[in-house]
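Visitor: task: produce atomic coordinates for the following.
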Amino acid sequence: MSEMFWQQIISSLSPWLEAATVRWEAFLAKLPRLPSRWLLLISVVILVAIACLLRCLHLFDANHYYIITPDSYFFDWVSRGVLAGSPPPASPGAEAAYTLHSGLAYPLAYIAKAVSSILGLSSADALNLVSKFLPPTIGVVTMALIYLFGARICNRRVGLLSALAWALMSVPVVVGAAGYLDRDGLSLLLFTCGAFLFYLSGVWHIKVRDRDVGWLVAGAGVLVTEALLYIEWSFAGPVLLLWVIAAYCVGRFLLEYLDVMESESHIRRRLAASIGKVNLRALALIVVANALAAGWNFHLAGSWYHTAMGIVQGGAKSTIEEEQGLGLGDLIGFQFFLIPMVVGLYVAGKKRVESSIFFSCWFIGIFILAIFARRVLIYAMPASCLLSGVGLAFLWDWVKQGLFHPVKRVGMVVLLALALVLSVASAWSLATVTAISPDQQWQGALAYLREETPTDSVIMSQWSWGYWILDLGQRRPVVDNGYYGYNAERLRDVGLAYYTTDPAEAAQIMNKYGAHYLVFSELDVKFAPTIMGGANVGQGLANFPGNSLIMRSLNGEFESGGGLEVVYRSPPEPNSSSPNEPEVVVLRLTQT
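Guide: Next up is the predicted model:
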């Protein structure tokens, strides 16, 4: 009965829909037609404008500092040192200074030096300017690379849709955002170049004296890319690129082997035919060169092994979010683009197109690694965008077929518009995410440390704010995200200084680490279970006890005693519901 009802509905609506389609097509036919080159140029310009706007949108929130993510403050600090002619020494316990593996730090400093000379800006202003616009520029260059590659091996529509996905997808927006000075943006650009070059080693046919050297040019390009990845990221970058190359070669081999099983019974001929589909010469060049490099640096093998095992084992044990395994939230982060990505994977399995196989092997290979360390998923983003481009192109062709295709087209456009709206909302609120960037109250406290404390002062806080103190406060923290580091003992002691009810106990802990100041903030309250967990106290509590030193300092009950005194309270925000409770409090050690 219901089936007959819907058939009647469809048959009654079909004439109207067909008439509407004819009128719409007649309207489009009357519009002036631009040459395809102009349409392409306009589309690319619009994509670049959208990508730049989204990556700079959070700069309009004046309540937060423009640099985002804690590690970005460390690279900003290194850049300031390089610009001043005094790059930082090795971190405590490290074997080498930060001349290598420092991400954007050195490019930022050198470009800022050039900008300062050309525009007559101070070094600090030049660095701030470059820090705001270099990451979005890298993001746009990566988007252009994705478009060119997608258009080259697929078609222009797939290239444009892939670039659109890169412009809107949340992770590419974050790693290309103004003030994102961590290494991911530059590493991702280099990583993408290396992966694309390896794929092109199988399709480039450059002739020199009638000999095909395209594979050699592409393979050499991959090795150069690996060298650059090593310089700015250490061995992790080249290893990750090799993993993607291996995933593609293995995937391509297996698919070809399964195909020839139906037509070839002899196993040796099946193997020969399958291996012939792999870019074997370029792969051999890359593997041999990497083996030689690994042999030359064999003395570092122990540290490489421990790093790799730490990443693998950290997924289950680490309290650091980025080192934990994948969760549902990581997949939800793809938002609308999860649908075309799945469609793209379906197209790859159904049609067995070489380019789609490459995108799929890349994505699946990184996804497997991300099961152990979620941050690795960042390096699947170019493949995700290209899969999205393939999926969107397939869906666009699908909506043009069958009944209701005008309605389906409108629905497709509406979904893309919603993706744009979600991306804008996410980009606007980027700086307001907890612990990502200091607000005005925190900036005031950091200015106090920078301007009102002796230059050799050591500051104690929980490790999340260590790089803020190092960069904006220009003082040495007791614990931070890696430079001065942290261990179980330090985390326990810092947690006890927060949890204790006796200021004399906090003063004793400060003396143990040579700290002169202790910083408490409302943000610490949001991380209370983690801080207390490090000290093995307060089990089952969601917040610090009301009589703990941190809560008494924040609510104004504690002023001095036990060898500590409050020397700074951040001014309350306008229209604050608790004007007597500052967001940040600084305590000074009065006796040793």
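
Visitor: contact partners for D61?
Guide: With contact taken as Cβ atoms under 8 Å, 6 or more residues apart in numbering, D61 is in contact with 428, 431-432. Where C-beta positions appear, they are placed from N, C-alpha and C, glycine not excepted.

Visitor: let's see it at 6 Å
Guide: With contacts defined as Cβ atoms under 6 Å, 6 or more residues apart in numbering, D61 is in contact with A431.

Visitor: tell me the pLDDT at it?
Guide: For D61, the model assigns a pLDDT of 87.

Visitor: which stretches of this structure have low pLDDT?
Guide: Across the chain, the ranges flagged by pLDDT under 70 are 1-35, 90-100, 264-265, 298-329, 399-409, 573-582, 592.

Visitor: next, the residue nearest to Y180 when sequence neighbours are not counted: secondary structure please.
Guide: With sequence-adjacent residues excluded and distances taken as Cβ to Cβ, 6 or more residues apart in numbering, Y180 is closest to P135, at 4.8 Å. In three-state terms, and counting by DSSP: H, G, I helix; E, B strand; the rest coil, P135 is helix.

Visitor: now P135: how far from D182?
Guide: Here P135 is placed at a distance of 9 Å from D182 (Cβ to Cβ, to the nearest Å).

Visitor: just want to know which of these two has more residues nearby.
Guide: Taking neighbours as other Cβ atoms under 10 Å, P135 and D182 compare with P135 leading, 28 against 21.

Visitor: contacts only, for that one.
Guide: 176, 180, 185.

Visitor: sort out for me which of those residues are in helices.
Guide: Members of the contacts of P135 lying in helices (criterion: DSSP state H): G185.

Visitor: closest to C385 out of the contacts of P135?
Guide: Set against C385, the nearest of the contacts of P135 by Cβ to Cβ is G176 (12.4 Å).

Visitor: which secondary structure element contains the nearest residue to the closest one once chain neighbours are set aside?
Guide: Spatial nearest neighbour of G176, excluding adjacent residues (Cβ to Cβ, 6+ apart): G139 at 2.4 Å. Per DSSP states H and E, G139 falls inside helix 123-153.

Visitor: what are the buried residues along that helix?
Guide: Within helix 123-153, the residues that qualify as buried by neighbour count (16 or more other Cβ atoms under 10 Å) are 126-136, 138-140, 142-147, 149-151, 153.

Visitor: next helix or strand past it?
Guide: Using DSSP H and E, the helix or strand that follows helix 123-153 in sequence is helix 156-168.

Visitor: distance between that next one and the chain's centre?
Guide: Distance of helix 156-168 from its chain centroid, counting by Cα atoms, centre = their mean, to the nearest Å, is 19 Å.

Visitor: just give the closest residue to H516, not the sequence neighbours.
Guide: S457 (4.5 Å).

Visitor: from what I can see that neighbour touches Q474, true?
Guide: No. At 9.7 Å, S457 does not count as touching Q474 under the criterion of Cβ atoms under 6 Å.

Visitor: more neighbours: those two, which one.
Guide: S457 (20 against 17).

Visitor: tell me how far the more buried one lies from E451.
Guide: Separation of S457 from E451 (Cβ to Cβ): 12 Å.

Visitor: how about F196?
Guide: 48 Å.

Visitor: same question for T590.
Guide: T590 sits at a distance of 20 Å from E451 (criterion: Cβ to Cβ).

Visitor: all strands of the stretch 351-500 of the chain, in order?
Guide: 458-460, 476-477 (DSSP state E, counting those that start in this stretch).

Visitor: what's the closest of those strands to S72?
Guide: strand 476-477 (15.8 Å).

Visitor: contact partners of that closest one?
Guide: Strand 476-477 is contacted by residues 458-459, 466, 469-470, 484 when judged by Cβ under 6 Å, 6+ apart.

Visitor: now those in CSV, with distance to A105 and neighbour count?
Guide: Listed next are these as CSV, based on distance: Cβ to Cβ, whole Å; neighbours: other Cβ atoms under 10 Å:
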residue, distance to A105, neighbour count
V458, 23, 19
I459, 22, 25
G466, 17, 27
I469, 18, 27
L470, 13, 23
Y484, 17, 19
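
Visitor: and which of these is nearest V353?
Guide: Closest approach between the contacts of strand 476-477 and V353, by Cβ to Cβ: G466, at 48.5 Å.

Visitor: quick one, what contacts the residue lying closest to that closest one once chain neighbours are set aside?
Guide: By the measure of Cβ to Cβ, 6+ apart, the closest residue to G466 outside its immediate chain neighbours is D480, 2.4 Å from it. Contacts for D480 (Cβ under 6 Å, 6+ apart) come out as 463, 466-467.

Visitor: in helices, which of those fall?
Guide: Using DSSP H to define helices, the subset of the contacts of D480 located there is 466-467.

Visitor: which of the contacts of D480 lies closest to L283?
Guide: Of all the contacts of D480, Y467 has the smallest distance to L283: 40.1 Å, by Cβ to Cβ.

Visitor: check the gap between G391 and I46 for me.
Guide: Using Cβ to Cβ, one obtains 21 Å as the distance from G391 to I46.

Visitor: just A273 next, same as before
Guide: Using Cβ to Cβ, A273 is found at 45 Å from I46.

Visitor: looking at these two now, which is surrounded by more residues?
Guide: Using other Cβ under 10 Å as the criterion, A273 and I46 rank with A273 on top: 16 against 13.

Visitor: which among the contacts of P135 gets closest to D397?
Guide: Scanning the contacts of P135 for proximity to D397, where the rule is Cβ to Cβ, the winner is G176, at 30.1 Å.

Visitor: list phi and psi for the closest one.
Guide: phi -110, psi 10 (degrees, to the nearest 10).

Visitor: begin at 34, not 1, for the rest of this chat.
Guide: OK, 34 is where the count begins now, so the last one is G209.

Visitor: which one among the contacts of D513 gets closest to V250?
Guide: Using Cβ to Cβ, those come closest to V250 at Y500, 41.3 Å.

Visitor: now that closest one, nearest residue through space, not along the chain?
Guide: Once flanking residues are discounted, Y500 sits nearest to Y106: 3.8 Å by Cβ to Cβ, 6+ apart.

Visitor: for the one you found, what are its contacts?
Guide: Counted by Cβ under 6 Å, 6+ apart, Y106 has contacts 100, 500-501, 504.

Visitor: same thing but 10 Å
Guide: Y106 makes contact with 98, 100, 212, 214-215, 470-471, 498-506, 513-514, according to Cβ atoms under 10 Å, 6 or more residues apart in numbering.

Visitor: got the domain boundaries for this protein?
Guide: 73-465, 473-622 (automatic domain parsing).
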